[in-house]
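Peer 1: Need coordinates for the following:
(2 chains)
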There are 2 protein chains.
Amino acid sequence: MGEPFAKRLDAITATRGKLCVGVDPHPASVAAWGLPDDIAGLEKFSRGLVAALADDVACFKPQSAFFEAFGPAGLTVLAAVLRDIADAGAISILDVKRGDIGSTMDAYARAYLADGAPLAADAITVSPFQGFGSLSPAIDLAKATGRGVFVLARTSNTEGEAVQLAAAYDGPNQSSIDSPNVGSLIASQAADANKAAGTPLVGLVIGATLNVLDINLQDFDGWVLAPGIGAQGGTMEHLRGLFAGHPDAWPRVLPTVSRSVADAGPDQVSLKKVAHSLLQWPVF
Amino acid sequence: MGEPFAKRLDAITATRGKLCVGVDPHPASVAAWGLPDDIAGLEKFSRGLVAALADDVACFKPQSAFFEAFGPAGLTVLAAVLRDIADAGAISILDVKRGDIGSTMDAYARAYLADGAPLAADAITVSPFQGFGSLSPAIDLAKATGRGVFVLARTSNTEGEAVQLAAAYDGPNQSSIDSPNVGSLIASQAADANKAAGTPLVGLVIGATLNVLDINLQDFDGWVLAPGIGAQGGTMEHLRGLFAGHPDAWPRVLPTVSRSVADAGPDQVSLKKVAHSLLQWPVF
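Peer 2: A predicted model of the protein is given here:
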């Protein structure tokens, strides 16, 4: 994995476009493919979705929770899904939203970002509730192994506002009026981390269905994972509007679609057709 | 699991005391037991620690990251550790710090809080970066199955301050001056959730090594998981001082010790001895 993550993402999106397909084996989605709600159904759905699209799209975002729900056997399926994505030359962004401190964060990094780890992905999502700085074991290992991390910054669910738009704490003498909100602070810390790493391996997660982009992306030079297109209510047009004030960031936004693609399955031709129709969109 | 989580915790801590022992198979701790850094070492360390203490202490807190680092096989060991704890009649608080929204949070809940799930624990830790409200699928399932959740509120690492002490956002017209900090907001939302559930199944995670308890616990009636005693720098005396202003909360604080206990192993007599010396402490 010699090449830095951001360069690999640049290269593959240049040829395949920027669509990221979510691999969300939600029980309802698995049932819609006529599959049982068990480990066999989980495997057929997830690997079938990847098999249909792995030569066409740049990125896949498997959602770990749906695999964890089946315990260790579900994780064995997730490992196979990650291998399938890698074998097809596509990029895996494993949505695990892990976050912790010290040696525990280090263990999460080894689990998902180390060469040879059974569940290694090209990148993972991480959660900064314990502070951006607590994520450094993941950032350091990602740099060493040519991988990436996407830090939650601003999600589209309303309940997230209380935390993500909170006025960041900067010591006992701060004036809250001048504080950036938490999401903006994360973005600026991500920019600093990319500068220190010498490569923009730290990306952000920003929900595609936000009404307005209420965090400051100034100086942020990494990739943006934007989930929520399709069944979750977002459109490509809305996403473009959301980033209208950020022409510098827009070329590195990965629109992420889950159910709207999967719902076209299990037929491979139908799956390819819906992915290709999304890839027709002018920005790609 | 008919009995509510808080009642089960009341009952077991009344007889065994409130010590919670962390099961952290950190590579250095496993090596200190003369075990290899592989799946066999992981299993011998984790199950050996539980076997030595499961009749003596009320709670164990396995740290999922160290098991995830070994992939699906590590999770199989974690499932065995959770079964061992249950078989001994002790309480398991699985430290996974999961957090997400909607059907994804629901899948995490099913993974760790459903009857019969391979990785089901008595309680899990969760992370509120996407807002306390996003955690409701876990709270709802925990209530239905007699389990609990511990929500991160205030951790002891310095980097956590920027987020956890941020002035919570309460809409575009708020005055930041009057806003509670994020940790205080989480505590008050936990109190509300407990009131709605009719049983205090929602606990908080508060780091034992904080200098001051800078969040408001007024009205909070759940349990507090306080990691960081021992090798991480906290003492029982310091923890008691931290809660000096909260006599109502103190009886429901679970001091959590990891490495300082494990370091006494692998000898079972030595492990019991160190746990018993901690249990001698006046509060128990």
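Peer 1: Now do the same contact list for the closest residue to residue A:170 other than its chain neighbours.
Peer 2: Excluding its sequence neighbours, the residue lying closest to residue A:170 (C-beta to C-beta, 6 or more residues apart in numbering or on different chains) is residue A:179, at 6.0 Å. The C-beta positions use only the backbone N, C-alpha and C, and glycine is treated the same way. Contacts for residue A:179 (C-beta atoms under 8 Å, 6 or more residues apart in numbering or on different chains) come out as A:167, A:168, A:169, A:170, B:166, B:167, B:176.
Peer 1: switch the cut-off to 7 Å
Peer 2: Each residue near residue A:179 by C-beta atoms under 7 Å, 6 or more residues apart in numbering or on different chains is listed here: A:167, A:168, A:170.
Peer 1: Tell me which other helices or strands the helix or strand harbouring residue A:31 touches.
Peer 2: Using DSSP states H and E, residue A:31 sits in helix A:27-32. Applying 3 or more C-beta pairs under 7 Å, 6 or more residues apart in numbering or on different chains; DSSP states H and E, we find helix A:27-32 packed against helix A:39-53.
Peer 1: In the helix holding residue A:31, which residues are buried?
Peer 2: Across helix A:27-32, burial judged by 16 or more other C-beta atoms under 10 Å in any protein chain shown covers A:27, A:29, A:30.
Peer 1: Is the second one in contact with residue A:260, as I believe?
Peer 2: No. In this structure residue A:29 lies outside contact range of residue A:260 using C-beta atoms under 7 Å: 10.7 Å.
Peer 1: so where's chain A uncertain?
Peer 2: A:1, A:174-177, A:282-284 (pLDDT under 70).
Peer 1: so where do the helices sit in it?
Peer 2: Along chain A, the segments classed as helices by DSSP state H run A:5-16, A:27-32, A:39-53, A:64-68, A:71-87, A:102-113, A:136-145, A:161-164, A:182-197, A:236-242, A:259-262, A:268-279.
Peer 1: one step back: list the contacts of the helix holding residue A:31.
Peer 2: Residues outside helix A:27-32 that contact it (C-beta under 7 Å, 6+ apart): A:37, A:41, A:42, A:45, A:259, A:262, A:263.
Peer 1: list the contacts for the fourth one?
Peer 2: Residues near residue A:45 by C-beta under 7 Å, 6+ apart: A:25, A:29, A:30, A:33, A:35.
Peer 1: If we use 8 Å, what do you get?
Peer 2: A:25, A:29, A:30, A:33, A:35, A:262, A:265, A:266.
Peer 1: Which ChimeraX command selects the buried ones in those residues?
Peer 2: Command for ChimeraX, covering only those of the contacts of residue A:45 found buried under the criterion 16+ other C-beta under 10 Å:
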select /A:25,29,30,33,35,262,265,266
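Peer 1: Dump the contacts of residue A:45 into a markdown table; add distance to residue A:108 as well.
Peer 2: What follows is the contacts of residue A:45, written out as a markdown table (distance: C-beta to C-beta, whole Å):
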| residue | distance to residue A:108 |
| --- | --- |
| A:25 | 22 |
| A:29 | 27 |
| A:30 | 27 |
| A:33 | 31 |
| A:35 | 31 |
| A:262 | 27 |
| A:265 | 31 |
| A:266 | 33 |
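Peer 1: Closest one to residue A:143 out of the contacts of residue A:45, please.
Peer 2: residue A:25 (31.0 Å; C-beta to C-beta).
Peer 1: wait, isn't that closest one in contact with residue A:65?
Peer 2: No. Proximity of residue A:25 to residue A:65 does not meet the contact threshold set by C-beta atoms under 8 Å, at 9.7 Å.
Peer 1: Leaving out sequence neighbours, find the closest residue to residue A:71.
Peer 2: residue B:118 (2.9 Å).
Peer 1: burial count for the one you found?
Peer 2: 21 (other C-beta atoms under 10 Å in any protein chain shown).
Peer 1: Confirm for me that it is in contact with residue B:80.
Peer 2: No. Counting by C-beta under 8 Å, residue B:118 sits too far from residue B:80 to count as a contact (9.9 Å).
Peer 1: what's near enough to touch residue A:149?
Peer 2: Taking C-beta under 8 Å, 6+ apart, one finds A:113, A:123, A:124, A:125, A:126, A:135, A:138, A:139, A:142, A:201, A:202, A:203 in contact with residue A:149.
Peer 1: Now do the contacts for the residue sitting furthest away from the middle of chain A.
Peer 2: The centre of chain A is farthest from one residue, residue A:173, which by C-alpha atoms, centre = their mean lies 36.0 Å away. Going by C-beta under 8 Å, 6+ apart, residue A:173 touches no other residue.
Peer 1: Tell me how far stretch A:234-246 lies from the chain's centre.
Peer 2: 17 Å (C-alpha atoms, centre = their mean, to the nearest Å).
Peer 1: Can you give me the end-to-end span of that stretch?
Peer 2: Stretch A:234-246 has its terminal residues 18 Å apart, counting by C-alpha to C-alpha, to the nearest Å.
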